[in-house]
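Q: Show me the folded form of this:
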Amino acid sequence: MTRFTIHTLESAPEGSRAILEQTKKGMGFVPNLYGVLAESPAALKAYSSFAEVLSGTEFTPVERNLIWLAVSRANGCAYCVAAHTAVSTMSKVPETHIQAIREGSPLEDAKLQSLRRFVEVVVESRGWAPESEVEAFLAAGYGKRQLIEVVAFVSHKTLSNYLNHLAETPLDAAFAPLAWTSAAQV
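A: You can find the predicted model right below:
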């Protein structure tokens, strides 16, 4: 049971309705996360705008999805791991990549594994990544721009991860077949 109201188009504050309507048009439903975020029109706008802005980074769609999935796993957010598994699948991320991140096993692609590793280090170290990890990320072929963008992705996804923890956001029926449990929840 969630601690917060999961707003619908009808119950949401006026300032949140347009974003919920746009989300429903794009996804076919309003995910529970958005329903929870709708309580604060500013937070909902920040979250959805941030996602839109991040689509303009130099990361490929596969890399973007793997980052969101890796952040969610590192933060132990069952809701976002399931949701980003669905989004990653729709975005044609190879199933082997998705499963590797969900299970905590290495990716076969060395560059993507370097990205995943760096994302996890940033989350776990709260940004105090050891120099050796920064150098490994740069040596894998990423640049300083992508290093900054990883921090932006971590910031974006941490907002939803932490809110889902606080709100105890229930998994949407659309994501239920992709449920995931973190070691912290067991």
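Q: How far away from the center of its chain is the lengthiest helix in the chain?
A: If you go by DSSP state H, the chain has its longest helix at helix 144-167. Chain-centre distance of helix 144-167: 7 Å, with C-alpha atoms, centre = their mean, to the nearest Å.
Q: And it, what does it pack against?
A: On a contact count with 3 or more C-beta pairs under 8 Å, 6 or more residues apart in numbering; DSSP states H and E, helix 144-167 meets helix 32-37, helix 41-54, helix 61-74, helix 78-90, helix 110-125, helix 131-139. Every C-beta, even on glycine, is put in place using the N, C-alpha and C of the backbone.
Q: buried stuff in it?
A: Neighbour-count burial for helix 144-167 flags 146, 149-150, 153-154, 156-158, 160-161, 163-164, 167 (criterion: 16 or more other C-beta atoms under 10 Å).
Q: Skipping its backbone neighbours, what lies nearest the most centrally placed residue in the chain in space?
A: Closest residue to the average C-alpha location of the chain: residue 68 at 3.4 Å, with C-alpha atoms, centre = their mean. Distances taken as C-beta to C-beta, 6 or more residues apart in numbering put residue 84 closest to residue 68, at 4.8 Å, once the chain neighbours are dropped.
Q: Below-threshold pLDDT in the protein: ranges please.
A: The chain contains residues with pLDDT under 70 at 1-2, 183-186.
Q: repeat that for 80
A: Along the chain, the parts satisfying pLDDT under 80 run over 1-3, 182-186.
Q: Check which helix or strand the residue located most distally from the centre of it maps to.
A: Distance from the C-alpha centroid of the chain peaks at residue 10, with 26.5 Å (C-alpha atoms, centre = their mean). Element membership for residue 10, per DSSP states H and E: none, as it lies in no helix or strand.
Q: what's the answer for residue 142, then?
A: Counting by DSSP H and E, no helix or strand carries residue 142.
Q: From residue 23, how far out is the closest residue to residue 37 other than its chain neighbours?
A: Closest residue in space to residue 37, ignoring its immediate chain neighbours: residue 44 at 4.2 Å, by C-beta to C-beta, 6+ apart. Counting by C-beta to C-beta, to the nearest Å, the gap from residue 44 to residue 23 is 9 Å.
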